[in-house]
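Colleague: task: produce atomic coordinates for the following.
(3 chains)
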Amino acid sequence: MLERMFDSALDTAPSYRAGLNPQQRAAVEHGEGPLLVIAGAGTGKTKTLAARVAHLVDGGVASERILLLTFTRRAAQEMLERAGRLTGATRTGRVWGGTFHSVGNRLLRTFGHALGLPPNFTVMDQSDSADLMNLLRNELELGRGRKRFPKKETLATIYSRVVNSRTKLPDVLDADFPWCSEEAEAIATIFTAYTARKREQAVLDFDDLLLYWHALLVHTKARAEVGSMFEHVLVDEYQDTNGVQADILRALRADNSNIMAVGDDAQSIYSFRSATVRNILDFPKHFSDTTIVKLEENYRSTQPILDVSNAVIAGAPRRYEKDLWSQRTGGGRPQLVTCLDEAQQSDEVCKQVLDARERGTNLKQQAVLFRTGHHSAHLEIELTRRNIPFVKFGGLKFVEAAHVKDVVALLRILENPHDELAWFRILQLIEGVGPATASRIMEHLEVRRSGSATPDASPVRRLIEQPPPIPQPGRTELEALAEACADCLGDAPPAVQVERLRRWCEPVFVRVYDNPAVRVADLVQLERIASGYNTRGRFIADLALDPPNSTGDLAGPPLLDEDYLNLSTIHSAKGCEWDVVHVIHAADGMIPSDMSTGDEAQIEEERRLFYVALTRAKVDLCVYFPLRYYHRRMGLDDPHSYAQLTRFVTDGVRALFDERSLEGTEEPELPAKEYEGVEAITDFLADLFEV
DNA sequence: AATATCCGTATTTTT
DNA sequence: TACGGATATT
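Modeller: You can find the predicted model right below:
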């Protein structure tokens, strides 16, 4: 609110100019033509982009002719809100904003027919692609009995790498999957079938959304119309885009060259998704007469935090040509805390978090960052035990859970009755139905479009009107399925449909899954999410493209009003900032992750990841390092092992920290247990005192 | 042909 | 540990 008042106080001049430094202003007020902004961490990148949007709109560009491509949907929303505040909310309302994938999805719903794509196509997520790969592998009887044939996830990964890096299959295999090189032919066969099958069924995977978009811009009659839709294109996080995305941008700028890309090569952390820094380096080649602006003044962090961050990134063999500097004074040096083990680390984090809150920093302005989703497991238990509320970003796999996928598959069948994968999944839930029977049923229903199939008779209709014969035990469930589908064929809101489908799932889950109660409860969550949507199609597309990725998205609204601590993978923390940042598990094997120490490029990416984590902090930064890890490996001995401080904190870097060691401090368990009784008394009394 | 059982293994990051 | 894959059983 204060911020809003502040904004309007400066409204006399175009307010988007307020508080911009000369470089930022140059970027914001740049005229026509390509513009590349190299923006170090915390240099006001978001502000600059938002101001640029406001500037364009103020200058008379129709908002629906502006395209803002960001890394997450959330980032787009945030920027547009900000731009709205700078220029009067209604005027930025129609800017196209979102990820490449979501914008591709939107455009293809409208113009896909030019590519022979029906508007009700469905979007597959990563694990769906893997499942389809598996289905085809079995169908083609490839990789059967062979020893080292890639697993389904690996197949999907290889495919995606080939597409996104636009590299030939044998080359990808040689470079990244040498143990599969001999199977190149079989793999190629599967990929060909995979492509054909998706096409047949009007199903697109994530990569297709980009490929089809690109094809739309290059090869179709819709080309001119789509190509001229946007007068200005703005791209955020350009260092994390891949080759196909760069192609799209080039195709998108056939009519004019109004493109602005913002990025930081030191923060590229998505090469596992085929993102390449070359996009930044080659930008001036792709777009002639590029203006380059560099933002180096950091407004986020205090100088001691930047000193550490700069020192870490300076360790990269390929130097990044900027040093961040800040005018922000105050704040102590970052802390490096050595802990005995993970338990002590969790304990210490809790203490520090609460301390900071005592000193006036809300939980919301603090974050705990870690390399992988499960790194926070221990801490989460500890936080729960102490009643410290938190929301976790990243690493959450709500929509990946089998039972959630089941319901989504049901919705997909209703939306696109030729979605073979969805049918295959659902039919096998029925008692006595396995792969073979499922295939037979699907044939009966004519799920696969055969040339002679009548176009109107949908497999769903056929299921309702001419139910296929199946073995006795499953008949009731199949009938119930037909009824459930029949009830959902109308225009009932998605939430109502989810509720109806859940009723079908309940008895099935009891038979099929371990703890059905928990799973059914998840479906209620799904229902809640569905209630935010008007159409089933939008709901499932969003579930795939923009799944709930924090525990907060899942919790009811009440939690969001309260104060809560942020827990986040470093990847999900990209673009965020907090007053106090705690980085845990700063041990070799965690950062860099054991899985990524294969070659130097991977290790360097891990370094940048660590750099991203450090530069999220505004005022206080605390890095934790547990000395001892307990393994629950089956191995005969070694119940624990000793870790080393992450290699990215060299002696030189280490000297920039204030160090604290908790070794030798008594084990935290003891006092905690001793006080348990006391806590009970406190709770008891608090209860009594409650008004 | 479906399901039960067992064994082994690998274990990230995300649109 | 939990899941996937392969084998054994119904």
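Colleague: pLDDT at the residue in the stretch 351-500 of chain A that DNA strand C sits nearest to, what is it?
Modeller: Nearest to DNA strand C in the stretch 351-500 of chain A, going by CB to the nearest atom of the strand, is A:A402, at a distance of 7.7 Å. Placement of C-beta: from N, CA and C, glycine included. pLDDT for A:A402: 84.
Colleague: kindly report the same for A:K147.
Modeller: Note for A:K147: predicted pLDDT of 59.
Colleague: what of A:R628?
Modeller: In this model, A:R628 is scored at 82, pLDDT.
Colleague: what does A:L559 give?
Modeller: Taking A:L559 on its own, its pLDDT is 55.
Colleague: then A:S288?
Modeller: Confidence score, pLDDT, at A:S288: 90.
Colleague: before we move on, what about A:K294?
Modeller: pLDDT, A:K294: 92.
Colleague: so it lies in a strand, does it not?
Modeller: Yes - judged by DSSP: H, G, I helix; E, B strand; the rest coil, A:K294 forms part of a strand.
Colleague: list the contacts of the residue lying closest to it once chain neighbours are set aside.
Modeller: Nearest non-adjacent residue to A:K294, counting by CB to CB, 6 or more residues apart in numbering: A:I38, 4.8 Å away. Contacts here follow CB atoms under 8 Å, 6 or more residues apart in numbering; on that basis A:I38 touches A:263-265, A:280, A:292-295, A:322.
Colleague: show the backbone phi and psi for A:I38.
Modeller: Main-chain torsions, A:I38, degrees, to the nearest 10: phi -90, psi 110.
Colleague: hey, what's it bridged with?
Modeller: A:I38 forms beta bridges with A:G263, A:K294, as assigned by DSSP bridges.
Colleague: may I have the helix or strand A:T154 falls within as PDB, with CA atoms only?
Modeller: Secondary-structure assignment from DSSP states H and E places A:T154 in helix A:152-165. The C-alpha coordinates for helix A:152-165 follow below in PDB (Å, rounded to 0.1, in the frame of the first residue of the first chain):
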ATOM      1  CA  LYS A 152      11.000 -45.000 -20.700                       C
ATOM      2  CA  GLU A 153      12.000 -41.800 -18.900                       C
ATOM      3  CA  THR A 154      15.400 -41.900 -20.600                       C
ATOM      4  CA  LEU A 155      13.700 -42.300 -24.000                       C
ATOM      5  CA  ALA A 156      11.600 -39.200 -23.300                       C
ATOM      6  CA  THR A 157      14.600 -37.300 -22.200                       C
ATOM      7  CA  ILE A 158      16.600 -38.200 -25.200                       C
ATOM      8  CA  TYR A 159      13.700 -37.300 -27.500                       C
ATOM      9  CA  SER A 160      13.300 -33.900 -25.900                       C
ATOM     10  CA  ARG A 161      17.100 -33.200 -26.100                       C
ATOM     11  CA  VAL A 162      17.100 -34.000 -29.800                       C
ATOM     12  CA  VAL A 163      14.200 -31.800 -30.500                       C
ATOM     13  CA  ASN A 164      15.100 -28.800 -28.300                       C
ATOM     14  CA  SER A 165      18.800 -28.700 -29.200                       C
END
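Colleague: following that helix, which helix or strand comes up?
Modeller: helix A:169-176.
Colleague: close to DNA strand B, is that following helix?
Modeller: No - legend: contact between helix A:169-176 and DNA strand B by CB under 7 Å from any atom of the strand is lacking; minimum distance shown is 10.4 Å.
Colleague: any residue of the longest strand along chain A touching DNA strand C?
Modeller: Taking DSSP state E as the criterion, chain A has its longest strand at strand A:617-630. No - using CB under 7 Å from any atom of the strand, strand A:617-630 never reaches DNA strand C; the gap is at least 12.7 Å.
Colleague: in the stretch 501-650 of chain A, which spans are strands?
Modeller: A:565-569, A:578-583, A:617-630, A:640-642 (DSSP state E, counting those that start in this stretch).
Colleague: contacts for the second one?
Modeller: Read it as strand A:578-583. With CB under 8 Å, 6+ apart, strand A:578-583 has contacts from A:349, A:352-353, A:356, A:361, A:365-370, A:566, A:610, A:613-614, A:616-624.
Colleague: from A:F648, how far out is A:H582?
Modeller: Separation of A:H582 from A:F648 (CB to CB, to the nearest Å): 17 Å.
Colleague: again with A:A251
Modeller: A:A251 sits 39 Å away from A:F648, going by CB to CB.
Colleague: between these two, which has more neighbouring residues?
Modeller: Under the neighbour definition other CB atoms under 10 Å, A:A251 and A:F648 were set side by side, and A:F648 has more, 23 against 18.
Colleague: which residues touch that one?
Modeller: A:F648 is in contact with A:312, A:315, A:591-592, A:606-607, A:610, counting by CB under 8 Å, 6+ apart.
Colleague: one more time with 7 Å
Modeller: Contacts for A:F648 (CB atoms under 7 Å, 6 or more residues apart in numbering) come out as A:312, A:315, A:607, A:610.
Colleague: number of residues surrounding the third one?
Modeller: It stands for A:R607. Neighbours around A:R607, by other CB under 10 Å: 22.
Colleague: and it, what pLDDT?
Modeller: As predicted, A:R607 sits at a pLDDT of 93.
Colleague: same check on A:A75?
Modeller: 84.
Colleague: so what's it up against?
Modeller: Contacts of A:A75 (CB under 7 Å, 6+ apart): A:236, A:575.
Colleague: where's it, which helix or strand?
Modeller: A:A75 is part of helix A:73-87 when elements are defined by DSSP H and E.
Colleague: what residues sit buried inside that helix?
Modeller: By 16 or more other CB atoms under 10 Å, the buried positions in helix A:73-87 come out as A:73-76, A:78-80, A:82-87.
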